[in-house]
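**Q** The following block contains a protein sequence and its predicted model.
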Amino acid sequence: MNLKLVDSVVKEVEASKSEVVNLCSKLVQFPTVNPPGITTDCVKYIKAYFDKLGIKSTIYQRNEGKANICATLDGKKTGKIMYLMHLDVVPEGDRNLWSYDPFGGIVTEGKVYGRGACDMKGSGAAAMVAARILSNVDPKERCTIDFWFTCDEEIGATDGAKWLAESGMFKADICLEGDCFMYPEDPSIDIGCSGSMRTIIKTSGKAAHGSQPHLGDNAVDKLIEVLKHTKNLEKFPLKVFDEMKPVYKSAVKYYKRQKSLTDEQKAGFVKCFKHPTVSLNLIRGGIKSNVIPDTAQAYLDIRIRSGCNMSPIKQRMLELIKESGVKDTTAEISGPSSGYYEKPTSQPVKQLIKAVELATGKKPALKILMGGNDCTRIKEAHLPIACVGFGAGDEGIAHLTNEYVSIANLMTTAKTYAIFPII
């Protein structure tokens with residue numbers, strides 16, 4: 001390892017603070033809300049940045065408006081790294097609840113505010129500056145690097161990472177995913193992301209006049225009874241693989257550090273790593289207030305941390321539905337998908353730990369991302385690419401009103417991204 005080079009790179013990132021902040025602000029100003037998730041103008045801006053630097057980049061697009069871009073630095077060290085960032089963002093919601101324009105990219109109080117600042121244009125800005133700095137490093141001192149900026153992560157990556165992975169356009173030994181979060185001054189690495197089991201439960205009954213419920217068969221009442229039982233999936237114990245037990249312990253300890261958490265919320269994080277989570281996020285039933293509903297359905301968002309035995313979970317859900325004793329019930333269950341994880345002792349994980357230590361002077365915590373990210377598309381396509389995660393997003397801020405990314409996290413991430421390929 002060339003420590004002199006590492007020190008030089010770190011100093012150059014520190015001298016580029018205003019550039020990192022300004023790039024993040026500018027990226028936020030592109031309203032790449034998904035749906036529809038149009039990224040064309042944002043991608044053109046990124047390409048212009050790389051063109052000015054003489055860094056070759058290519059735009060990939062399958063459908064109109066769904067643009068992706070990859071910038072490449074050729075290196076002579078063994079191996080290849082790809083950085084994976086997404087450009088689309090979730091809707092901003094009620095603008096009246098925002099303290100600042102959600103697409104203003106306002107910089108104040110050590111933060112960049114706006115929809116997507118945390119998830120995840122801050123990481124994208126850090127990657128752009130890291131690419132500029134690495135472009136001036138002797139190719140003998142770094143491996144080849146692809147910097148990907150993609151669309152559609154928020155809606156399944158259909159025209160983004162999913163399409164790119166399945167088309168064989170992702171080619172690397174290691175993927176460094178930027179869709180990750182940490183507390184300022186408290187770095188962490190995601191060595192995987194959670195799996196899921198999306199479930200739709202439907203009940204049917206018989207319509208009748210609301211004044212004569214005894215003549216009908218209320219599908220909503222039946223659905224409520226079923227849901228009382230399916231919630232018990234949260235009591236199903238996860239069988240954690242031995243190699244992941246230390247990571248689960250580390251993750252729980254890390255998530256509980258957030259100062260604003262109540263005791264109940266802290267206990268919730270403990271529970272998340274012992275059992276599946278079952279969230280009733282959407283329920284439908286009935287057509288009018290004076291009509292007994294003859295159909296009803298509920299959408300359950302079930303998440304399971306990767307690194308455990310998931311195969312019995314679907315069967316347990318079916319058993320719980322049966323135990324409810326409610327007739328005329330059907331279930332559509334997708335999964336469980338296992339998410340993914342890299343072994344905590346693997347070389348890519350060790351390399352990222354070292355990069356973070358060099359950037360911050362601190363050993364990062366290892367954890368599992370609570371949600372999912374585009375690395376699942378790489379794993380689903382069975383590509384031989386190890387996936388590790390580190391990003392600028394502030395923990396617990398993604399998708400919120402008044403979303404922001406801290407400048408401290410932006411700088412930590414830019415340093416880590418610039419160091420990772422040269423060690």
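**A** That came through fine. Residues are numbered from 1 along each chain as shown.
**Q** Count the neighbours of H209 for me.
**A** H209 has 11 neighbours, counted by other Cβ atoms under 10 Å. Placement of C-beta: from N, CA and C, glycine included.
**Q** Who is it paired with across the strands?
**A** V291 (DSSP bridges).
**Q** Verify the contact between it and S289 for me.
**A** No. The criterion here is Cβ atoms under 8 Å, and H209 misses it with S289 at 11.5 Å.
**Q** residue contacts, the residue most central in space within the chain?
**A** Nearest residue to the geometric centre of the chain (Cα atoms, centre = their mean): N373, 3.8 Å. Neighbour list for N373: E153, E177, D179, C180, C193, G389 [criterion: Cβ atoms under 8 Å, 6 or more residues apart in numbering].
**Q** 6 Å - rerun?
**A** Contact analysis of N373 by Cβ atoms under 6 Å, 6 or more residues apart in numbering lists E177, D179, C193.
**Q** out of those residues, who's nearest A359?
**A** Relative to A359, the closest of those is E177; by Cβ to Cβ it sits at 16.9 Å.
**Q** Contact partners for the nearest residue to that closest one once chain neighbours are set aside?
**A** Here the nearest residue to E177 in space, its sequence neighbours aside, is G389; by Cβ to Cβ, 6 or more residues apart in numbering that works out to 4.2 Å. By Cβ under 6 Å, 6+ apart, G389 lies in contact with E177, C180, D190.
**Q** between those, which is nearest Q315?
**A** D190 (28.9 Å).
**Q** sec struct for that closest one, please.
**A** Following DSSP: H, G, I helix; E, B strand; the rest coil, the label given to D190 is strand.
**Q** before we move on, what about the one 10 residues further on?
**A** Local secondary structure at I200 is given as strand here, using three-state DSSP.
**Q** Could you do L23 as well?
**A** Secondary structure of L23, per three-state DSSP, is helix.
**Q** Relative to M317, how far out is F149?
**A** From F149 across to M317, the span is 38 Å (Cβ to Cβ, to the nearest Å).
**Q** Comparing these two, which residue is more hemmed in?
**A** Shown here are F149 and M317; by other Cβ under 10 Å, F149 has more neighbours (28 against 25).
**Q** Keeping just the C-alphas, turn the helix or strand harbouring that one into CSV.
**A** In this assignment (DSSP states H and E), F149 forms part of strand 144-150. The C-alpha trace of strand 144-150 is given here as CSV (Å, rounded to 0.1, in the frame of the first residue of the first chain):
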residue,chain,number,x,y,z
THR,A,144,-10.0,-0.2,-13.5
ILE,A,145,-13.1,1.5,-12.2
ASP,A,146,-16.6,1.9,-13.5
PHE,A,147,-18.8,4.6,-12.0
TRP,A,148,-22.4,3.8,-12.6
PHE,A,149,-25.3,6.2,-12.1
THR,A,150,-28.6,4.4,-12.8
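**Q** So which residues make contact with the helix or strand following that strand?
**A** Moving toward the C-terminus from strand 144-150, the next helix or strand (DSSP H and E) is helix 161-166. Residues outside helix 161-166 that contact it (Cβ under 6 Å, 6+ apart): R62, T150, F170, D374, R377, I378, A381.
**Q** As CSV, the contacts of N373 with secondary structure would be great.
**A** What follows is those, written out as CSV (three-state DSSP):
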residue, secondary structure
E177, strand
D179, coil
C193, strand
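**Q** Give the buried subset of the residues you listed as a PyMOL selection command.
**A** Of these, the buried ones can be selected in PyMOL as follows, counting by 16 or more other Cβ atoms under 10 Å:
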select buried, resi 177+179+193
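**Q** between the contacts of N373, which is closest to V270?
**A** C193 (19.2 Å).
**Q** How about the closest one, nearest residue that isn't a chain neighbour?
**A** Per Cβ to Cβ, 6+ apart, closest to C193 is L369, 4.0 Å.
**Q** All good on my end, thank you.
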